[in-house]
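Q: Structure for the following, please:
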Amino acid sequence: SLSNPLGLAWRLQRMSLLGWAVGFAVMGAALGSVGTGVLDLLKDNPQMVKIVAQMGGESVLIDAYMSTVLGLVAMVAAVYAVQATLRLRSEETTFRAEPVLATGVSRTRWALSHLVFTVVGSLVMLVVAGLAMGISYGVAVGDVGGQLGSLLRSALVQLPATLVVAGLAVAFFGLAPRFVVGSWAALTIFVLLGQLGPLLQLPQWLMDISPYSHVPKLSSAITAGPLVGLSIVAIVLGVAGLVGFRRRDVG
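A: Next up, the predicted model:
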């Protein structure tokens, strides 16, 4: 199983991947089950019921809750993505990468073997969370099929934004390895912009720095443009990082 760099990366990444997947399943199920509680809060507040009715009904409130929660789930998925990507740097600084690269394994192939788990792992996290939320909320409202499909789509559209964060980590690793902590700083800024930006009434151009501000909030509002744009940004960052890694010293 260790006859190629992908097998080695799987051995190094598997426990982290499985642990995170279980955590996302639990988190998704818990957040989905809370969805019915949002409606329960309205029962004892007639004025809130009136306001929600003017906004478009209970479905609007549930959609707002689910979109907010999925945004948070995506940011947690980005934590996994950065961690999985920066495994490259930890392997390098602990001198475990150099013996592998001294063989016929190229730098690009070695790096890509780890980045496979960044991409696939992020996808798995979002799928698991979307499925868990859809099932738990669907069971509560008696519509598993409808809620499962809707929440799974809403979770999957978060992937390009998550990969932009991972792309930043690859760029730091390849171009400025001593400053890979900048990956965590960027993610922190994105989280703050997403959570505090509307509250602080920050200008839209500033909030648009976060890739998550370009993600459709609801599955019914999905358009290809922003998702394709985010995917291109993620690819460009990743390629830049890989090119930089091929040219710099290892150590």
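Q: tell me which element the residue nearest to residue 31 when sequence neighbours are not counted falls in.
A: Closest residue to residue 31 apart from its sequence neighbours, by Cβ to Cβ, 6 or more residues apart in numbering: residue 69 at 4.9 Å. C-beta coordinates here come from the backbone N, C-alpha and C atoms, glycine included. Secondary structure assigned from DSSP states H and E places residue 69 in helix 58-85.
Q: Return the list of helices and strands in contact with that helix.
A: Helices and strands in packing contact with helix 58-85 are listed as helix 5-43, helix 46-55, helix 107-141, helix 144-156, helix 159-175, helix 181-200; criterion 3 or more Cβ pairs under 8 Å, 6 or more residues apart in numbering; DSSP states H and E.
Q: looking at the ones you listed, which is buried most?
A: helix 159-175 (a mean of 26; mean count of other Cβ atoms under 10 Å).
Q: Just name whatever secondary elements that helix is in contact with.
A: With contacts defined as 3+ Cβ pairs under 8 Å, 6+ apart, the secondary structure elements packing on helix 159-175 are helix 58-85, helix 107-141, helix 181-200, helix 224-247.
Q: quick one: it to helix 107-141, angle?
A: Between helix 159-175 and helix 107-141, the angle formed by their directions is 150 degrees, by axes from the mean of the first three to the mean of the last three Cα atoms, to 10 degrees.
Q: So which residues make contact with stretch 239-251?
A: Where contact means Cβ atoms under 8 Å, 6 or more residues apart in numbering, the residues beyond stretch 239-251 that reach it are 92, 95, 97-98, 101, 107-108, 111-112, 167, 169-175, 177.
Q: on that earlier part again, how many residues are close by the residue nearest to residue 31?
A: The burial count assigned to residue 69 is 21, neighbours taken as other Cβ atoms under 10 Å.
Q: ok, now residue 222?
A: The local packing of residue 222 (other Cβ under 10 Å) involves 15 other residues.
Q: Quick check: closest non-adjacent residue to it.
A: For residue 222, the spatially nearest residue (Cβ to Cβ, 6+ apart) is residue 216, at 4.7 Å.
Q: Over to residue 119?
A: If you skip the residues right next to it in sequence, residue 119 has residue 163 as its closest partner in space, 6.6 Å away by Cβ to Cβ, 6+ apart.
Q: What of residue 97?
A: Setting aside the residues directly before and after it, residue 97 is nearest to residue 91 in space (Cβ to Cβ, 6+ apart), at 4.4 Å.
Q: Can you say which helix or strand has that neighbour in it?
A: Take DSSP H and E as the rule and residue 91 turns out to sit in helix 87-93.
Q: Just the buried positions in that helix, please.
A: 87, 88, 89, 91, 92 (16 or more other Cβ atoms under 10 Å).
Q: Need the mean per-residue confidence for that helix.
A: For helix 87-93, the per-residue pLDDT values average out at 95.
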